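S.K.: let me see the structure of the following:
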Amino acid sequence: MARKITDLEIEEVVGNLLRTGVTISAAVVLIGAFIYLGRHWNMPADYRIFRGEPSDYRSLSAILHSAFKWHGRGFIQLGLVLLIATPVARVAFAIWGFAAEHDRMYTIFTVIVLVILLYSLLGSGSAF
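M.R.: Residues are numbered from 1 along each chain as shown. You can find the predicted model right below:
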């Protein structure tokens, strides 16, 4: 017979998941910042005109391509994508946790939350 998972164990795993996700994303952003500042340290800043991100950094494939080429902006964007993915992974883990506890109602509600999150990120015309 399989061992029953306790709420405390699930809370510990969720806490570690969130901590690890935020730490990894912060490290990736920091690496990107060092790369970006190392290459552009002497460029003057012009804050009178707002310039958004170039289209090169608006899709996941372009972000990954840029990060693999060791572009600072690509690393920064990748870190932000990882930061956004952290709570989504937490919701996905919660589905597993509720299912392991045989809590059908919370499993269904959490699946609905995950579908809404994924739709807002992927299906609503966004770049990811």
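
S.K.: okay, CA-based contacts and neighbour counts for the rest of this
M.R.: Fine.

S.K.: what about His40, how many residues close to it?
M.R.: Residues near His40, counting by other C-alpha atoms under 10 Å, number 11.

S.K.: if I look at it, how far off is Gly32?
M.R.: Going from His40 to Gly32 by C-alpha to C-alpha, to the nearest Å gives 12 Å.

S.K.: check Pro44 too.
M.R.: Pro44 is 19 Å from Gly32, by C-alpha to C-alpha.

S.K.: Phe98 now?
M.R.: The separation that Phe98 has from Gly32, given C-alpha to C-alpha, amounts to 37 Å.

S.K.: so for those two, which sits in the more crowded spot?
M.R.: Gly32 (23 against 19).

S.K.: so that one is in which element?
M.R.: helix 7-40 (DSSP states H and E).

S.K.: from the contact counts, what lies against that helix?
M.R.: helix 72-100 (3 or more C-alpha pairs under 8 Å, 6 or more residues apart in numbering; DSSP states H and E).

S.K.: how far is the helix it packs on from where the chain is centred?
M.R.: 4 Å (C-alpha atoms, centre = their mean, to the nearest Å).

S.K.: one more: stretch 20-36?
M.R.: 12 Å.

S.K.: what would it look like as PDB? C-alpha coordinates only.
M.R.: The C-alpha trace of stretch 20-36 is given here as PDB (Å, rounded to 0.1, in the frame of the first residue of the first chain):
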ATOM      1  CA  THR A  20      14.000  27.400  -6.300                       C
ATOM      2  CA  GLY A  21      12.100  29.000  -9.200                       C
ATOM      3  CA  VAL A  22      12.600  32.500  -7.900                       C
ATOM      4  CA  THR A  23      16.300  31.800  -7.200                       C
ATOM      5  CA  ILE A  24      16.900  30.400 -10.600                       C
ATOM      6  CA  SER A  25      15.100  33.100 -12.400                       C
ATOM      7  CA  ALA A  26      16.900  35.800 -10.400                       C
ATOM      8  CA  ALA A  27      20.200  34.200 -11.200                       C
ATOM      9  CA  VAL A  28      19.400  34.100 -14.900                       C
ATOM     10  CA  VAL A  29      18.400  37.800 -14.900                       C
ATOM     11  CA  LEU A  30      21.600  38.600 -13.000                       C
ATOM     12  CA  ILE A  31      23.700  36.800 -15.500                       C
ATOM     13  CA  GLY A  32      21.900  38.600 -18.300                       C
ATOM     14  CA  ALA A  33      22.400  42.000 -16.500                       C
ATOM     15  CA  PHE A  34      26.200  41.300 -16.300                       C
ATOM     16  CA  ILE A  35      26.400  40.300 -19.900                       C
ATOM     17  CA  TYR A  36      24.300  43.300 -21.000                       C
END
